[in-house]
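[1] Kindly generate the corresponding structure for this input.
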Amino acid sequence: MRHEQAKSLLAYNDSPDIYFDRSINPYRGCEHGCIYCYARPTHSYLNLSPGLDFETKLVAKVNAAEVLRSELAAPGYRAAVVNLGSATDAYQPVERELRITRAVLEVLAETRHPAAIVTKASLIERDLDLLGPMAKEQLTAAFISVTTLDHDLSRTLEPRAASPARRLRTIETLARAGVPVCVNVAPIIPFVNEPEIERILEAASAAGARGAFYTVLRLPWEVAPLFREWLQAHFPQRAERVMNRVRDMREGRDYNADFATRMKGTGQWADLIRQRFDAACARLGLGRGRLELRNELFQPPRLGPQLDLF
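    Numbers count the residues shown, from 1 in each chain. The predicted structure follows:
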């Protein structure tokens with residue numbers, strides 16, 4: 001674990017296919033070790049490998065809360081939904097010790113800043129004392145990723161993430177505490193977890209999820225060879241068939257980064273997945289639109305006691 005003094009924390013984007021324009025990632029790299037993680041190539045910028053280094057050589061932004069407080073206090077800052085965990089999981093195991101995400105959330109709660117959290121970790125339950133009151137003011141929502149209900153498949157896909165049963169219990173715990181929860185069925189991998197789409201949605205709905213989202217497998221840069229190696233190791237008899245279907249959804253390539261199609265893919269297989277997903281959500285009463293959070297309650301933070309003079 002490398003400790004980093006971050007110079008900035010809010011990362012802005014202008015991607016037209018995601019609902020937020022700013023995000024916070026307290027950590028670089030992720031212990032969960034999900035083989036499909038599209039964030040793996042970011043470790044190359046640290047001169048580390050997107051493979052094993054991404055899972056074992058982590059960077060913690062130990063001054064995250066302090067930097068965030070300064071950014072939110074900047075003149076002219078305007079609040080909008082910030083996403084926690086858009087690249088690496090903000091509640092990965094090391095957070096139990098370092099509590100950086102907790103400190104960031106305390107700043108967001110204090111300033112009444114809207115935040116959406118994406119995680120596959122049960123550790124989010126620790127912060128219900130903050131999330132519950134924020135949810136009452138329509139300031140937060142949780143997006144819990146459930147990739148499969150098969151424990152054995154989960155252990156190979158996501159070796160150090162919470163089990164599927166534990167994630168469903170987290171959905172139930174958050175929902176009972178009044179925190180709106182959506183389930184992320186992501187990524188959908190043909191012939192691997194794709195047959196489970198309806199069962200995952202049924203289980204999440206029964207646990208208390210209000211809405212559902214999905215993405216199909218994304219294999220940018222170094223993720224593609226890592227995933228192909230994983231397929232050969234765990235599903236050698238169907239590896240070629242899986243990759244053929246992936247390419248069917250990516251115009252003949254392992255990946256197409258076009259904003260209009262990168263999340264859902266194109267072609268007959270992509271259409272079939274969309275139809276199945278939409279039909280299951282309609283049957284279960286799961287919303288397909290984003291949960292609206294409030295921006296107008298934001299109160300800029302004070303940076304020090306000297307401000308009381310004014």
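[2] Report the separation between Ala165 and Ile273.
    25 Å (Cβ to Cβ, to the nearest Å). Every residue, glycine included, has its C-beta placed from N, CA and C.
[3] And Cys37, by the same measure?
    Distance from Cys37 to Ile273, by Cβ to Cβ: 20 Å.
[4] So for the two, which residue has more residues nearby?
    Counted by other Cβ atoms under 10 Å, Cys37 and Ile273 do not tie: Cys37 has more neighbours, with 24 against 20.
[5] show me the residues around that one that make contact.
    With contacts defined as Cβ atoms under 8 Å, 6 or more residues apart in numbering, Cys37 is in contact with 30, 54, 88, 223.
[6] Same check on Glu222?
    The contact partners of Glu222, by Cβ under 8 Å, 6+ apart, come to 40-41, 44, 50-51.
[7] how does it look with 10 Å?
    40-41, 43-44, 49-51, 54 (Cβ atoms under 10 Å, 6 or more residues apart in numbering).
[8] tell me the least confident of the residues you listed?
    Within these, Ser44 has the lowest pLDDT, namely 93.
[9] Check for me that it belongs to a helix.
    Yes: under DSSP: H, G, I helix; E, B strand; the rest coil, Ser44 falls within a helix.
[10] packing partners for the longest helix seen in the chain?
    Criterion DSSP state H: the longest helix present in the chain is helix 267-284. Under the contact criterion of 3 or more Cβ pairs under 10 Å, 6 or more residues apart in numbering; DSSP states H and E, helix 267-284 touches strand 181-188, helix 197-207, strand 211-216, helix 239-248.
[11] The first one: partners in the sheet, and parallel or antiparallel?
    So the one you mean is strand 181-188. Here strand 181-188 has these sheet partners by DSSP bridges: strand 140-145 (parallel), strand 211-216 (parallel).
[12] what separates the residue nearest the centre of the chain from Arg28, distance-wise?
    Relative to the mean C-alpha position of the chain, the nearest C-alpha, by Cα atoms, centre = their mean, is the one of Val118, at 3.5 Å. Per Cβ to Cβ, Val118 is found 16 Å from Arg28.
[13] nearest residue to Asp278 other than its sequence neighbours?
    Nearest residue to Asp278 in three dimensions, chain neighbours excluded: Arg288, at 6.9 Å (Cβ to Cβ, 6 or more residues apart in numbering).
[14] these two touch, right, that neighbour and Cys281?
    Yes: Arg288 lies in contact with Cys281 (Cβ atoms under 10 Å); the separation is 5.6 Å.
[15] Can you pick out the residue with more neighbours from these two?
    Higher neighbour count among Arg288 and Cys281: Cys281, with 20 against 13, using other Cβ under 10 Å.
[16] Now for Arg288 and Cys281: what residues contact both?
    211-214.
[17] distance between stretch 82-102 and the chain's centre?
    Relative to the centre of its chain, stretch 82-102 is centred 10 Å away, using Cα atoms, centre = their mean, to the nearest Å.
[18] average model confidence for it?
    97.
[19] What residues does the closest residue to Phe259 other than its chain neighbours make contact with?
    Nearest residue to Phe259, sequence neighbours excluded (Cβ to Cβ, 6+ apart): Asp17, at 4.9 Å. Neighbouring residues of Asp17 by Cβ under 10 Å, 6+ apart: 215, 258-264.
[20] Just the buried residues out of those, in ChimeraX syntax.
    The buried subset of those, as determined by 16 or more other Cβ atoms under 10 Å, is captured in ChimeraX by this line:
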select :215,261,262,263,264
